[in-house]
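**Q** need a structure here:
(chains A, B, C and D)
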Number of protein chains: 2
Amino acid sequence: MAQSTCDRILDAAERLFAEEGFHVTSLRQITQAAEANLAAVNYHFGSKQALILAVFRRRLDALNQARLERLEAALDAEQTPALEVVLDAFVYPAMAFTHGSDDEGHRFMRILMRAFADQNDQLHRALSAEYAHVMRRFADAIAAALPGADTTQLRRQLDFIVGALTYTMAESHLKDARSIASDLVQFAAAGLRGTVDSRSHSGATRTLEIAP
Amino acid sequence: MAQSTCDRILDAAERLFAEEGFHVTSLRQITQAAEANLAAVNYHFGSKQALILAVFRRRLDALNQARLERLEAALDAEQTPALEVVLDAFVYPAMAFTHGSDDEGHRFMRILMRAFADQNDQLHRALSAEYAHVMRRFADAIAAALPGADTTQLRRQLDFIVGALTYTMAESHLKDARSIASDLVQFAAAGLRGTVDSRSHSGATRTLEIAP
DNA sequence: GCTATATTCAAACAATCGTTTCAATCGAGC
DNA sequence: GCTCGATTGAAACGATTGTTTGAATATAGC
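**A** Got it, this is the predicted structure:
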């Protein structure tokens, strides 16, 4: 018995949630996979909903901390790091999760996307609150690397990047996570730079009026 | 009675799926909201899973057809339309759905994201198959507008755009869908152009080696 | 008007769900 | 060694699920 009952339940729940979904996964499946008793879930976590939240916090705390550490390191090394460095600090730790021993990172990204699709629940609010702190830091760092950028537009574009990252990681069976991360960083950097029209880049910025 | 029982069930199911999710929504909720009998679902559709598929096909067919029509119109007007025009043909019809009479479009995008989060099911395979046809057309059009672009990298970037689009539409309560669509088109165009390094754009393309 | 087909209805089906209960077991502290 | 709290165990609870059944009703064709 290497792990405690709590951890075994968390591991089993994470795996099953990713494979099947939150609501279709029963506590009986989880406890059976964890070699624990059915009542252990309600004893240790209180309810199924609380278990779901616990599964998320465990990984999300680590992910966001890794992101912030990487950002801090970049800010220590340079006063205003290049755009790619900031984006990499955001993207790479997420990708690193998909590169763990087995598929645990890929699994987690799947259930992370599932969570963001659950618009209504308290789960979404809890995750957004968790994200808000990190997002503000990165928005600031990006704004510093992009003088003249519009703040509200930049926040929108950050949503684009989060969407591209989450979707891509949940979608592809990436053996080449590192290559995809590099592609996304490059893509996002070019997208961000292309919409800053104060310091004109060689006319690469085109506008298109969308038909009504 | 303006609509048939079938249509009332489809409408009610779509609304409830978006609000609650697939598996937590019961057939009793659906039939009650549709003012139909419980057995009507199994009579008209065969099973709950078949109903879910029917809900998707109804809207997805219309969305993809609208995209292709817009792309064809652009290809008729110009031999190789500008990148922004192609991207707009992909993005705008999706955004137009979120701009319907009530929230029906926004609702649909939420359940579309939910569907893509359901990795395993036949639902995901059915939707990917439905998408594949459209994606190929757009990939070709984008490749034509971007001479010298790498094909596999371009397909990856298309996934980025799909992710950004789906995530953004599922996330924000957009009153200003048109503005967001314009932002996304501009962002994506710049991102795509920024990674084509054959015809060098003013050194805007930077590469970053990601740490191991 | 009658018949045959299509649809709706109320009721019951078996299965599964999350949760609760209470006794059994374990493990440290004195 | 004994006791008390923490943990686990088996079983049952009430509720809800998707599906099926068979009778009642509406609708079309002749």
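
**Q** how many other residues sit next to residue A:129?
**A** 9 (other CB atoms under 10 Å in any protein chain shown). C-beta: built from backbone N, CA, C; applies to glycine.

**Q** secondary structure element holding it?
**A** helix A:122-145 (DSSP states H and E).

**Q** go on, residue A:84?
**A** Residue A:84 belongs to helix A:83-97 when assigned by DSSP H and E.

**Q** what comes up buried for the helix or strand following the helix holding residue A:129?
**A** Next in sequence after helix A:122-145, counting helices and strands by DSSP H and E, comes helix A:151-171. Judged by neighbour count (16 or more other CB atoms under 10 Å in any protein chain shown), helix A:151-171 contains these buried residues: A:153-154, A:156-171.

**Q** now helix A:151-171: mean pLDDT?
**A** Averaging pLDDT along helix A:151-171 gives 84.

**Q** who's in contact with residue A:70?
**A** Going by CB atoms under 8 Å, 6 or more residues apart in numbering or on different chains, residue A:70 touches A:88, A:89, A:92, A:93.

**Q** near chain B, list only the ones from those residues.
**A** A:88, A:92 (CB under 8 Å from any CB of the partner chain).

**Q** the helix ranked longest in chain A to helix A:122-145, inter-axis angle?
**A** Secondary structure assigned by DSSP state H gives helix A:48-77 as the longest helix of chain A. Angle of helix A:48-77 versus helix A:122-145, following axes from the mean of the first three to the mean of the last three CA atoms, to 10 degrees, is 10 degrees.

**Q** is DNA strand C within reach of helix A:48-77?
**A** Yes - Helix A:48-77 is in contact with DNA strand C by CB under 7 Å from any atom of the strand, via A:48, A:49.

**Q** let me know the angle separating that helix from helix A:83-97.
**A** Using the same axes, to 10 degrees: helix A:48-77 against helix A:83-97 is 140 degrees.

**Q** whether helix A:48-77 contacts DNA strand D - can you check?
**A** No - using CB under 7 Å from any atom of the strand, helix A:48-77 never reaches DNA strand D; the gap is at least 12.3 Å.

**Q** got the buried residues for that helix?
**A** Using 16+ other CB under 10 Å as the test for burial, helix A:48-77 gives A:48, A:51-56, A:59-60, A:63-64, A:66-68, A:70-71, A:74-75.

**Q** repeat for stretch A:125-144
**A** So, applying 16+ other CB under 10 Å, buried residues of stretch A:125-144: A:126, A:127, A:130, A:134, A:135, A:137, A:138, A:139, A:141, A:142, A:143.

**Q** of those, which is the nearest to DNA strand C?
**A** residue A:126 (16.7 Å; CB to the nearest atom of the strand).

**Q** how far away is that closest one from chain B?
**A** 15 Å (CB to the nearest CB, to the nearest Å).

**Q** find the nearest non-adjacent residue to that residue, please.
**A** Nearest residue to residue A:126, sequence neighbours excluded (CB to CB, 6 or more residues apart in numbering or on different chains): residue A:53, at 6.2 Å.

**Q** thinking the one you found is in contact with residue A:129, fair?
**A** No - checked against CB atoms under 8 Å, the pair residue A:53 and residue A:129 is beyond contact range at 11.7 Å.

**Q** the bottom helix or strand of chain A by mean pLDDT?
**A** Taking mean pLDDT, DSSP states H and E as the measure, the helix or strand of chain A with the lowest value is helix A:104-117, at a mean of 71.

**Q** so where's chain A shaky on pLDDT?
**A** Within chain A, the stretches with pLDDT under 70 are A:1-2, A:98-106, A:116-122, A:124, A:170-177, A:197-212.

**Q** kindly recompute the last result at 50.
**A** Residues of chain A that meet the criterion pLDDT under 50 lie in A:1, A:198-212.

**Q** need the residues of it near DNA strand C, please.
**A** Within chain A, the positions near DNA strand C by CB under 7 Å from any atom of the strand are A:25, A:26, A:27, A:28, A:29, A:38, A:39, A:41, A:42, A:47, A:48, A:49.

**Q** ok, of those, which come out buried?
**A** A:25, A:27, A:41, A:48.

**Q** adding secondary structure, write the residues you listed out as TSV.
**A** Below are those laid out as TSV (DSSP: H, G, I helix; E, B strand; the rest coil):
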residue	secondary structure
A:25	coil
A:27	helix
A:41	helix
A:48	helix
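
**Q** so which of the residues you listed comes closest to chain B?
**A** Set against chain B, the nearest of those by CB to the nearest CB is residue A:25 (9.9 Å).

**Q** name the nearest residue to the closest one, ignoring sequence neighbours.
**A** Leaving aside its sequence neighbours, residue A:25 sits nearest to residue A:16 (CB to CB, 6+ apart; 4.5 Å).

**Q** what comes into contact with the helix or strand harbouring that neighbour?
**A** Element membership for residue A:16, per DSSP H and E: helix A:5-20. With CB under 8 Å, 6+ apart as the test, helix A:5-20 has contacts from A:3, A:25, A:29-31, A:33-36, A:40-41, A:44-45, A:51-52, A:54-55, A:58-59, A:104, A:106-108, A:110-111, A:114, B:120.

**Q** try it again at 6 Å.
**A** A:25, A:29-30, A:33-34, A:36, A:40, A:44, A:51, A:55, A:107, A:110-111 (CB atoms under 6 Å, 6 or more residues apart in numbering or on different chains).
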